[in-house]
Structures are given as structure tokens and as C-alpha cells.
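J.: quick one: sequence and predicted model below, then my questions.
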Amino acid sequence: MHSTSSLPLALRLLRWLRLGANHVQVVMMATMFVSFILQIMFRYVFNKPVAWTEEICVITWIWGILWGASFVMSNREDIRFDVLIGQVPREVKRWFTVVVSVSVVVILVGSMPSAWSYVTFMKVESTASLGIRMDHLFSIYIAFVVAMVVRHLYIGIEALRGRLYDDPLTTDGAKDPV
């Protein structure tokens with residue numbers, strides 16, 4: 001196992017960013033949980049339901065899912081439907097991976113202008129209780145698209161190099177950096 005100081009700077013920076021993303025995810029999930037408990041308390045204990053707690057739950061749920069998929073999950077943690085791909089030889093798996101990765105990148109890049117247009121248009125709307133502009137809330141989707149494009153470019157390039165996401169970990173136990 002490598003000591004932290006012997007790792008290349010880029011890999012140390014990537015690990016530091018991933019740790020920071022994990023902390024942000026924890027804060028979002030804790031915020032959602034506390035808001036949910038407050039919602040129950042206001043509704044059933046005080047008999048005075050409030051809308052802002054539900055808004056916070058919905059916002060942190062959406063952001064938590066897209067943030068986690070973008071910055072917290074590694075390639076090995078993705079859910080994959082591999083019934084077909086698990087039955088083919090490794091070389092065919094590689095090409096399936098390349099085709100799927102290219103397809104995902106093309107679709108997401110192709111959808112980006114429309115997504116950007118929608119997100120920027122939503123600056124005219126705000127949430128009902130907290131008054132948060134909708135373009136700020138939906139901006140996480142743009143980050144998600146960019147992260148997925150980068151991730152699938154990486155997966156496709158690695159497949160072209162002969163490495164697949166389900167290959168065993170390296171001999172030193174390191175996981176993939178993305």
C-alpha cells in the first residue's frame with residue numbers, strides 16, 4: 001500500500017476531492033433526516049405542519065442522488081445490468097463497454113444544450129416556501145451530466161486500453177481513481 005506522500009499529486013488531489021464530496025453527501029443526508037424529523041414533529045406533535053421541511057427534504061434528496069452519482073460513487077459501485085455482458089468473452093465485453101460509453105457520452109453531450117437552456121430558463125421560478133431560485137436547484141443536473149461524460153470517457157478509454165471496470169483491484173489494493 002502506498003503512503004499518501006508517495007502518491008502522485010493528481011491522485012492525492014482526486015482522493016482529497018472525493019473525501020470532500022463524501023462529506024458534502026453526509027451533510028446533505030443529515031440535513032434531509034433532520035428536516036424529515038422536524039416535519040413529523042411539527043405535523044404530529046405541534047399540529048402545525050410547515051412546508052419548508054418538505055421542500056428541504058425534496059431538495060436534499062434530488063441533490064443527494066445526483067451529487068452522489070456524480071462525485072461520490074466509484075465506477076465499481078455503479079449498478080449495472082450485466083446479464084448479457086456477463087456471458088460473452090472478455091474481448092466482446094471490452095467492445096460492448098466502448099460502444100455503451102460512447103453512446104452515453106454522445107447522448108449526454110447532445111442533451112446538454114437543451115438541459116442548459118432549461119436550467120437557465122428556470123431562473124424565473126422559485127420554490128414556494130423558501131424562495132430558492134429553481135435554476136440554482138436544477139444546476140446539479142448540469143454537474144451530473146458533466147461528471148457522467150467524464151466518467152464514461154474514462155471507462156471507454158480504459159476499455160480501449162484493455163482494462164474493464166470489473167477487473168480485479170490492482171496488486172496494491174488500490175481502487176480506480178474515478
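T.: In hand now; what should we look at? Bear in mind the structure is a predicted one, so any value in this text is a computation, not a measurement. Residues are numbered from 1 along each chain as shown.
J.: from now on I want contacts and neighbour counts done on CA atoms only, so please keep to that.
T.: Will do.
J.: mind giving me the domain split of this structure?
T.: Following automatic domain parsing, one finds the domains of the chain at 1-73, 78-178.
J.: redo the ones you listed as JSON lines? Include mean pLDDT.
T.: Formatted as JSON lines, the domains of the chain follow (pLDDT from 0 to 100):
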{"stretch": "domain 1-73", "mean pLDDT": "91"}
{"stretch": "domain 78-178", "mean pLDDT": "87"}
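J.: just put the ones you listed in TSV and tack on mean neighbour count.
T.: Output for the domains of the chain, formatted as TSV (neighbours: other CA atoms under 10 Å):
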stretch	mean neighbour count
domain 1-73	15
domain 78-178	15
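J.: quick one: the strands in the chain, in order.
T.: Counting by DSSP state E, the chain yields no residue ranges for strands.
J.: show me where it has its helices.
T.: Per DSSP state H, the chain has helices spanning 9-40, 51-67, 90-121, 134-160. These are given in chain order.
J.: helices or strands next to the third one in the packing?
T.: Packing partners of helix 90-121 (3 or more CA pairs under 8 Å, 6 or more residues apart in numbering; DSSP states H and E): helix 134-160.
J.: report the angle between the helix it packs on and helix 51-67.
T.: Interaxial angle, helix 134-160 versus helix 51-67 (axes from the mean of the first three to the mean of the last three CA atoms, to 10 degrees): 20 degrees.
J.: grab the nearest non-local neighbour of C57.
T.: The shortest distance from C57 to any residue that is not its chain neighbour, by CA to CA, 6 or more residues apart in numbering, is 4.9 Å, and that residue is M32.
J.: was I right about the one you found contacting G64?
T.: No - between M32 and G64 no contact is recorded; they are 9.2 Å apart, counting by CA atoms under 8 Å.
J.: picking that back up, quick one: contacts for the residue nearest to C57?
T.: Shown in contact with M32 (CA atoms under 8 Å, 6 or more residues apart in numbering): I56, C57, T60, W61.
J.: can I get those in JSON lines with distance to S103?
T.: Output for the contacts of M32, formatted as JSON lines (distance: CA to CA, whole Å):
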{"residue": "I56", "distance to S103": "35"}
{"residue": "C57", "distance to S103": "33"}
{"residue": "T60", "distance to S103": "30"}
{"residue": "W61", "distance to S103": "28"}
